[in-house]
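**Q** sequence plus the predicted model coming up.
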Amino acid sequence: MSKRMIACLKEKQVDHYPFWFMRQAGRYLPEYRKIRESFPDFLSFCYTPDAATEVTLQPITRFDCDAAILFSDILVIPDALGQEVGFTPGHGPKLRPIETAAEITRLEEKRAEEFLQPVFQAVRQIRKSLAEEKALIGFAGAPWTVACYMIEGEGSKEFAKARQFAYREPIAFSQLIDCLVRVTTAYLSEQIKAGADVVQLFDSWAGLLPPDEFKRWVIEPTQQIVSQLKTLHPDIPVIGFARCAGMMLADYANSTDVDGLGIDTSMPLIKAREAAPKQALQGNLDPLLLATDKARIMTQTKRMMKDMKGTPYIVNLGHGIVPHTPIDHVQAFCDTVREIRG
Ligand code: CP3
């Protein structure tokens, strides 16, 4: 059986409606929480191939989604570059923030690939255990979003320190972005060699940038990564998720040449389709609706599928599942998709 995800992304087949959920492996699942308890340190969990394999497969076993996404995190890249990264439960990531241009030159680019071997080992194991018709999604954070965390040192609503650093130190900042382009390209290429069928770039904080900066720090680096990946692996589709890109979505879609576009909750799917007629679209149910209102999940899912009828479309959320999401709501979402696609 062929993969619904690949038929949709590469062949642009319509009305296939593959589905998966951003952050589908996570704390809303009791079977995830159980394994998570045995790893006080989140990153050691990510670097243990058996554990990463097991939690990657959990949502497939439970919901029979069309794609598994590698269990890891976007912040393994700063960790691999030698920056101090930690996760405190309830507070999210904490990094020792980059404050000066000199610190960027001290990032240990050469050790990154070797350091990330456990991730590639997990990809090999997952691909082996996964049914052939399921796609395995590899992923990385896009350079802008990863740089945001590296400079800010933690999650933030505004990433004001990171944005100001980019204005104040454009040369150093572009060195950081260039470094992330190289490391991310190599990282995704290795995931593909290990068995990933498709890769997604998460640019969660793309929407914070004004148009010129969006072009420079979101579009250009993504374009470079996509074009190098296409040269190395012409058959592997790439999904770009530039969250809250808004009016810049058309430019992002045209300039980066991604095969699929993640759409956030704020964008009407029909408008996204007008802005990006060539790409498969993926999204965009509100994760908070998924957590709250079962009846509306069904009507909203039907509406998304109707709006995207006759075009290549992957059913998904507009951002990651939140930890308090009831499992039966996720189940209702899956049942609705299956009922409609037949
Ligand atoms: O989607 C999946 O199931 C695959 C795994 C995955 C994780 N993080 C696991 C994770 C993926 C694709 C990510 C991406 C990620 N990580 C992004 C981009 C997508 C987005 O949500 O915007 C970002 C910005 C991060 C950084 C990050 N990691 C934050 C801000 C946090 C803390 C917030 C939170 O949800 O706890 C993490 C931790 C993290 N990454 C968890 C998981 C399952 C929770 C950690 C735990 O179990 O204690």
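**A** Structure received. Numbers count the residues shown, from 1 in each chain.
**Q** the stretch 151-300 of the chain: helices as residue ranges?
**A** Taking DSSP state H, counting those that start in this stretch as the test, the helices found in the stretch 151-300 of the chain are 160-168, 170-194, 211-213, 220-232, 249-256, 269-275, 287-292, 294-307.
**Q** show me the contact partners of the third one.
**A** With CB atoms under 8 Å, 6 or more residues apart in numbering as the contact definition, helix 211-213 has outside contacts at 163, 166, 247, 248. Bear in mind the C-beta positions are built from the backbone N, C-alpha and C, glycine included.
**Q** so of the residues you listed, which two are at opposite extremes in space?
**A** Across the contacts of helix 211-213, no pair lies farther apart than 166 and 247, at 20.2 Å, counting by CB to CB.
**Q** more crowded one of those two?
**A** residue 166 (23 against 9; other CB atoms under 10 Å).
**Q** write out the residues of the protein neighbouring the ligand.
**A** 22-27, 36, 42, 69, 71, 73-75, 87, 89, 92-93, 139, 155, 202, 204, 320 (CB under 6 Å from any ligand atom).
**Q** let me see the contact set for whichever residue of the stretch 101-250 of the chain sits closest to the ligand.
**A** Here the stretch 101-250 of the chain gets closest to the ligand at one residue, residue 204, 3.2 Å apart by CB to the nearest ligand atom. Taking CB under 8 Å, 6+ apart as the criterion, residue 204 is in contact with 141, 145, 241, 243, 319.
**Q** which of these fall in strands?
**A** Using DSSP state E, the subset of the contacts of residue 204 located in strands is 141, 241.
**Q** would you list the helices of the stretch 151-300 of the chain in TSV and tack on mean pLDDT?
**A** Below are the helices of the stretch 151-300 of the chain laid out as TSV (pLDDT from 0 to 100):
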stretch	mean pLDDT
helix 160-168	98
helix 170-194	98
helix 211-213	98
helix 220-232	98
helix 249-256	98
helix 269-275	98
helix 287-292	97
helix 294-307	96
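**Q** element containing residue 128, please.
**A** Here residue 128 sits within helix 117-129, counting by DSSP states H and E.
**Q** what's that helix packed up against?
**A** helix 49-63, strand 135-141, helix 170-194 (3 or more CB pairs under 8 Å, 6 or more residues apart in numbering; DSSP states H and E).
**Q** need these in JSON lines (columns: mean neighbour count and distance to residue 273).
**A** Shown next, in JSON lines, are those (neighbours: other CB atoms under 10 Å; distance: least, CB to CB, whole Å):
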{"stretch": "helix 49-63", "mean neighbour count": "19", "distance to residue 273": "26"}
{"stretch": "strand 135-141", "mean neighbour count": "24", "distance to residue 273": "22"}
{"stretch": "helix 170-194", "mean neighbour count": "19", "distance to residue 273": "27"}
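**Q** need these in JSON lines (columns: distance to residue 314).
**A** Below are the helices and strands packed on helix 117-129 laid out as JSON lines (distance: least, CB to CB, whole Å):
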{"stretch": "helix 49-63", "distance to residue 314": "15"}
{"stretch": "strand 135-141", "distance to residue 314": "10"}
{"stretch": "helix 170-194", "distance to residue 314": "19"}
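**Q** most centrally placed residue in the chain?
**A** When the chain is reduced to its mean C-alpha position, the closest residue under CA atoms, centre = their mean turns out to be residue 202, at 3.9 Å.
**Q** understood, closing this out.
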